[in-house]
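1. predicted model and sequence follow; I will ask about them next.
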Amino acid sequence: MPVEIKVLGFAALLQFVQFVLMAVPVNIQLGPKYTGGNRDEEKRAAGVAGRLKRAMDNHFEGLILFTIAVIVVVLGDASSSITETCAWTYLAARVLYIPAYASGIFLVRSLIWSVGFFATLVMLWVVLI
């Protein structure tokens, strides 16, 4: 199995972990009557619970681009040490992003996000250019 596909699988598992990390505090904060109901009126989690929700949503967005990069690399038979390193870098950045976002430390989250974003960009760049 190509390394990039394996890392994509780990990134998907991370999304499951993020869901659980988010769901527990959000359910506690908003209450099971709301979270288990039809949610006709919109409520938003605040504080750490809200940040965990936004971090999870952000991973969905980043995962789309990373998945495209992995598909281009693997189907293009262009796996290399650079694309493998970029894949692992993306995953490490996404793991670090969760506590960085949850803690709310100014600018740290954005810097970590940038690392994962640019790792994905480099994966595509080295294959397509």
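-> Noted; the coordinates are in hand.
2. and residue 36, what pLDDT?
-> We note a pLDDT of 82 for residue 36 in this prediction.
3. mind listing what it touches?
-> For residue 36, the set of contacting residues under the criterion of C-beta atoms under 8 Å, 6 or more residues apart in numbering is empty. Every residue, glycine included, has its C-beta placed from N, CA and C.
4. please tell me how far it sits from residue 26.
-> Here the distance between residue 36 and residue 26 works out to 12 Å (C-beta to C-beta, to the nearest Å).
5. before we move on, which element is the residue nearest the centre of the chain in?
-> A centroid search over the chain (C-alpha atoms, centre = their mean) returns residue 59, at 2.5 Å, as the residue closest to the centre. Secondary-structure element containing residue 59, defined by DSSP states H and E: helix 47-75.
6. what pLDDT, on average, does that helix get?
-> For helix 47-75, the per-residue pLDDT averages 96.
7. got the contact list for whichever helix or strand comes after it?
-> Towards the C-terminus, the helix or strand next in line after helix 47-75, according to DSSP H and E, is helix 81-103. With C-beta under 8 Å, 6+ apart as the contact definition, helix 81-103 has outside contacts at 3-4, 7-8, 10-11, 14, 18, 21, 48, 51-52, 54-55, 58-59, 62, 66, 69-70, 73, 108-109, 112-113, 115-116, 119-120, 122-123, 126-127.
8. buried only: go through these for me.
-> By neighbour count, with 16 or more other C-beta atoms under 10 Å, those hold 3-4, 7-8, 11, 14, 18, 21, 48, 51-52, 54-55, 58-59, 62, 66, 69-70, 73, 109, 112-113, 115-116, 119-120, 122-123, 127 as buried.
9. alright, that wraps it up for me.
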